[in-house]
Structure formats: structure tokens, C-alpha cells
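**Q** model this:
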Amino acid sequence: MNPMGVTAALATAVSWAACALFFTSASKRVGTLSMNHYRTLFGALLLAAAHIATFGTIIPVANHHQMSLLLTSGVIGVVVGDMLLFQSYMDIGPRLGVLIMSVGPIITALLARWFLGERLGGLAWLGILVTLGGTTWVVAEENQKELAQRHQHLVRGISFVILSSICQSVGYVMAKPAMMGSDGVDPLSATFIRVAAGAVAFWIIGFAKSHTWRALCDFKNKRAMLMTFGGAVLGPFIGIWLSLFALKLIPAGVASTLISTMPVIILPMVVVIHREKVSWRAVIGAAIAVAGVAILFNS
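**A** Model (predicted):
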């Protein structure tokens, strides 16, 4: 397995774990709709600046087919997938939502096999299953208590999180062909296209739902905007960029699995920042996930 690709995928998980703390803080102040508007907008602006600094132009070099793939990938993965996911969190809670999302890497691996011809060996599949097993063990802790508290929209919530997982997997797999080959789109350009598509789509949806004025008013909340900007740096800017860099170098299923270790990586962060106690179950699950990562490194 390409070490740079594996490292980039793990760095993505670290980046997204950190950005989740920023976005959670921002959402508590202005709500998820406004936060989504600004996280994609800030991300697109940061990527535009990076694109100009790197290539000397804001216009990505991509042919019509590549542009279509990346724009569609952005709308399906960044917009539809995230909207379904955030709604599922409201219906069934984030812990159960993240638990069900654990099937995402397997969906990604199967889609990559069917549409990209990526075939994983037995050792790679073992690494995926061990990593997901450890991550699931961590996330599943105390899930029954949360499930009992959220039963009114259980079916809708589970349906939305499954659909979200499929959308994010489809969006991720669709992006890869646009970056492959001698004329493939650079991962930075691909990230810019996807996030910009997401930003435009979110603001159009906000306007259609008459939410734009509220989002504009929420911009006055300096603390929320600072948290959203910090999350945008780590998520839509650095995180998605690293995820596409990893996608270019290693199989999509492996990249998705490594990125899904975010619930394990976030453990030390909540211990340091929120002073939360971590159970032995979480520690054991984290150790299993690390063992799975080690297998993938050597597959």
C-alpha cells in the first residue's frame, strides 16, 4: 500500500476529527443550516486562494468530462450526503448515526470494484474489517441508552444515514476517474471544484427555503463565524484536499476505511479539550482499529 496515500487518509481523519469540534460549537450558536452555508463558502474561498497561489489562476484545468464528474461528485457527496447526515443526527443522535455510517467504507470498496475495477486482496479486506470493527466498538458504547431516547423518527433517521453513506461513497468514487491518468485533475483543483459546487448548491437551497436572510444575519455572530472558519480550514479545505490526495494514491475502499477512524482519533481530543473520561471499552476498540490500520499499511 502506498505509504503517502495511507498517511494522507489518516491525516484526513485527524483533520475531520478536529473540525467536528469546531462545527459542533458553531452549530450550537447559529444552527446547522447557517453553519453549512458558511463552512462551504469559507472552504471554497480558502481553496480559491490556494489555487491561485499554486497555479496562478482561479480556473481549474479540467475537461468537460472531468468537470462534470467533480461537480456532480460535490453535489452528491458534499451537499446531499451531508444534509441527510445532519438530519439523521437530529432524528437518532450522532452516536447511532456514526455507527451506521461505519458501513460506508464497505459500500465505497464495492462501488470502486464495480465501477473502477479496484480489486482488494485478502489482507486488505482483513485490514478493513479489523479497522471498522475497532471503530464500531468505540462508537457503539452506550448506544442503547441514546436509542431509547430517540425513537419517534427512528426509521427516518436510519434511512437518512444509510442514504447519506451511499451518497458520500458515490461522490467519493466519482471523483477518482477525474484525477487519474497523465491528464488527470490535480487533487487541489478537484477539491476546489467539489467544494465550490457544494457552496453554490447550499446557498441556492437556502434561498429556495427562505433561509438566506437568516444566514446573513447569523454572520454577525463573531464567535460562531470564527468556529466555522476554523472548521472550514480543517474540513472543506485541508480535510477534503487530503482525502482526494489519498484517493488518487490508494484504493477508494482503503482510503474510506482509514478516514472512518475519525471517532477513534477524536478520543484524545475530547479528553484534553472537554475533560471527558474514556472507558476501557473505548481504549480496546481504539487498539483494534490501530491494529487494522497496521494491516492496511502492510497489505
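**Q** for N298, grab the count of nearby residues.
**A** N298 has 9 neighbours, counted by other CB atoms under 10 Å. From N, CA and C alone the C-beta is placed, and that goes for glycine too.
**Q** and the helix or strand hosting W241, what does it pack onto?
**A** Element membership for W241, per DSSP states H and E: helix 240-249. For helix 240-249, the packing partners by 3 or more CB pairs under 8 Å, 6 or more residues apart in numbering; DSSP states H and E come out as helix 3-30, helix 154-179, helix 187-208, helix 252-259.
**Q** following the first one in sequence, what is the next regular element?
**A** Counting by DSSP H and E, the element after helix 3-30 in chain order, helix or strand, is helix 32-55.
**Q** residues contacting that following helix, please?
**A** 23, 26-27, 57-58, 60-61, 78, 82-83, 86, 186, 188-189, 191-192, 195-196, 198-199, 202-203, 206, 211, 214-215, 218-219, 224-225, 228-229, 231-233, 235-237, 240-241 (CB atoms under 8 Å, 6 or more residues apart in numbering).
**Q** drop anything exposed from those.
**A** 23, 26-27, 60, 78, 82-83, 86, 186, 188-189, 191-192, 195-196, 198-199, 202-203, 206, 211, 215, 218, 224-225, 228-229, 231-233, 235-237, 240-241 (16 or more other CB atoms under 10 Å).
**Q** ok so, going back, just how off-centre is the helix holding W241 within its chain?
**A** Put simply, helix 240-249 sits 12 Å off its chain's centre (CA atoms, centre = their mean, to the nearest Å).
**Q** let's see that helix as CSV, backbone CA atoms only.
**A** Provided in CSV are the C-alpha atoms of helix 240-249 (Å, rounded to 0.1, in the frame of the first residue of the first chain):
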residue,chain,number,x,y,z
ILE,A,240,-11.2,17.1,1.6
TRP,A,241,-7.9,18.0,-0.1
LEU,A,242,-6.1,15.3,1.8
SER,A,243,-8.9,12.8,1.2
LEU,A,244,-8.7,13.3,-2.6
PHE,A,245,-4.9,13.1,-2.5
ALA,A,246,-5.3,9.8,-0.7
LEU,A,247,-8.0,8.6,-3.1
LYS,A,248,-5.6,9.2,-6.0
LEU,A,249,-2.8,7.1,-4.5
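**Q** could you list the low-pLDDT ranges of the stretch 51-200 of the chain?
**A** Along the stretch 51-200 of the chain, segments meeting pLDDT under 70 span 93-96, 139-152.
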